[in-house]
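**Student:** Provide a 3D model corresponding to the input given below.
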Amino acid sequence: MGFAFLSDSAFMKAPRSDAARPWAVAGIAWDGAVTNRPGARFGPRAIRAASHMLCDGVHPHFDSTPEGQLTDIGDLELPSTSLEAMRAALLPKAAALILRHRMAWLGGDHSITLPLLRAYRAWLGQPLAVVHFDAHCDTWQDHFGEPSGHGTWVYEAIQEGLVVAPCFLQLGIRSAGVRAAREYVRDQGGLIHTARVLRGQESPQQIDALLAPWRERLRARGDPPVYVSLDIDCLDPAFAPGTGTPEPGGLTTSQVLGFLEALGEQSLVGMDCVEVAPPYDHAELTSYAAACCVWTFLCGQIALRGR
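**Tutor:** A predicted model of the protein is given here:
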């Protein structure tokens, strides 16, 4: 028997662990590296419950649905003893799953992204481009005295060569921090659209214009595979109060969904949605937003491959 907080439901009520289905969701119910409020271990359960609202399943923009193509692996059983133990256990599990399915991962705190990128880097044999939605830069060189945590994964991924730094795009950054951390991605050649820059930028035309320089970098570097990491605290707390480290002045749900719809026009190798902390949510706003983001990712990629 696993930990009590592991989820026993399924995303969009998809069948469990069907190896024949090309798309899959898996939960990573770990929040041992949070720095403010715990609770993200309950994120996968809440996101799955919220996804049951998507009962018709057909996306209004992509006119596609995950139904019939999606399976839910459930929450991965991982040790809760330490960050290092969790990551060591997650890596082979993730590696096995990405051989069989196109994956969406439900966190959990943001420390899960580093071992996922390690697994994708090993599978693909090349570094990845990343689109990173977040209020926080996650580029700290240490984690409050610890060598690693949920706020260091971007720095570690660039240092380890898991990502193509000039093809790393951050969206929604706005938290306090020293310049060296805030500007680290830009200093490594990447792109940052802060929440301040994105204010009022919401139409499809505006979003395409914001993505254009990043897309040009992809083309110039041979179109590396693209991974999306979405920290739900990229959203303003008005839209997503249920998270461990909320930051005022964030993105709207419409903006984030607009970016995900635009990204649906290109092939993405995977996505994670992290830092949903249901104990602080109100009216399930955060879990519904997260479920809709994951659904939009799935529908966009399914539509792209069906053309």
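**Student:** and stretch 124-142, how far out from the chain's middle?
**Tutor:** Centre-to-centre, stretch 124-142 and its host chain are 10 Å apart (CA atoms, centre = their mean, to the nearest Å).
**Student:** For it, list every residue counted as buried.
**Tutor:** Neighbour counts over stretch 124-142 (16 or more other CB atoms under 10 Å) mark 127-140 as buried. To be clear about C-beta, it is placed using only N, CA and C from the backbone, and glycine gets the same treatment.
**Student:** Could you pull up the mean pLDDT of that stretch?
**Tutor:** On average, the pLDDT along stretch 124-142 is 93.
**Student:** Now do the helices in the stretch 201-307 of the chain.
**Tutor:** Ranges of helices within the stretch 201-307 of the chain are 204-220, 253-263, 285-305, based on DSSP state H, counting those that start in this stretch.
**Student:** pLDDT value on Arg307, please?
**Tutor:** 57.
**Student:** Please work out which of the helices of the stretch 201-307 of the chain is packed deepest.
**Tutor:** Highest mean neighbour count of those: helix 285-305, a mean of 23 (counted as mean count of other CB atoms under 10 Å).
**Student:** Next, Val164: phi, psi?
**Tutor:** phi -90, psi 100 (degrees, to the nearest 10).
**Student:** Assign Ala26 to helix, strand or coil.
**Tutor:** Three-state call for Ala26 (DSSP: H, G, I helix; E, B strand; the rest coil): strand.
**Student:** Burial check on it, number of neighbours?
**Tutor:** Using other CB atoms under 10 Å, Ala26 is surrounded by 22 other residues.
**Student:** now do Asp109
**Tutor:** Asp109 has 30 nearby residues by other CB under 10 Å.
**Student:** Please apply the same query to Ile192.
**Tutor:** Other residues close to Ile192 by other CB under 10 Å number 18.
**Student:** mind checking pLDDT for the nearest residue to it once chain neighbours are set aside?
**Tutor:** Setting aside the residues directly before and after it, Ile192 is nearest to Gln170 in space (CB to CB, 6 or more residues apart in numbering), at 4.6 Å. Note on Gln170: pLDDT of 98.
**Student:** so what's Gly270 bridging to?
**Tutor:** Counting by DSSP bridges, Gly270 is bridged to Met103, Tyr227.
**Student:** my guess is it contacts Ala94, does it?
**Tutor:** No - applying CB atoms under 8 Å as the test, Gly270 and Ala94 come out as separate, 9.3 Å apart.
**Student:** thinking again about what came up before, which of the helices or strands spans the residue nearest to Ile192?
**Tutor:** Using DSSP states H and E, Gln170 sits within strand 163-171.
**Student:** same thing with Pro44?
**Tutor:** helix 43-51.
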